[in-house]
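> make a model of this:
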Amino acid sequence: MTTIEFTREQKHVIVSKIKRYFREELDQDIGTFEAEFLFEFFLKELGVHFYNRGLHDAQAILQKRLDSVIDAIFELEQSIEATT
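Below is the predicted model of the structure:
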């Protein structure tokens, strides 16, 4: 599997959201280091689950679109009359 990577800006946004969650929902202030450590833990331990779910969802959408294209092609098919 490809390693899940984020840009510095994306990581900054995620870490900020973790810190805000702890502050607003748990009434705890955590530092940037702690939030980054937690982010890395989530990424390492849970990231694969979210990644696989995204692939599964993308595959389902692609299959639905492909079925639609196949149906459209089938509708274009001309009937062949037998000559005897």
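> tally of neighbours for the closest residue to G31 other than its chain neighbours?
In space, and not counting its chain neighbours, G31 is closest to K19: 8.0 Å by C-beta to C-beta, 6 or more residues apart in numbering. C-betas here are computed from N, CA, C, even on glycine. A count of nearby residues for K19, using other C-beta atoms under 10 Å, gives 19.
> ok, now the one 5 residues further on?
For E24, the number of neighbouring residues by other C-beta under 10 Å comes to 9.
> only the buried residues of the helix or strand containing Q10, if you could.
Q10 belongs to helix 8-25 when assigned by DSSP states H and E. Residues of helix 8-25 classed as buried by neighbour count (16 or more other C-beta atoms under 10 Å): I14, V15, I18, K19, F22.
> export those to a markdown table and append columns for pLDDT.
Output for the buried residues of helix 8-25, formatted as a markdown table (pLDDT from 0 to 100):
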| residue | pLDDT |
| --- | --- |
| I14 | 97 |
| V15 | 98 |
| I18 | 98 |
| K19 | 98 |
| F22 | 98 |
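> CSV for these, including distance to T2?
Shown next, in CSV, are the buried residues of helix 8-25 (distance: C-beta to C-beta, whole Å):
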residue, distance to T2
I14, 19
V15, 22
I18, 23
K19, 28
F22, 30
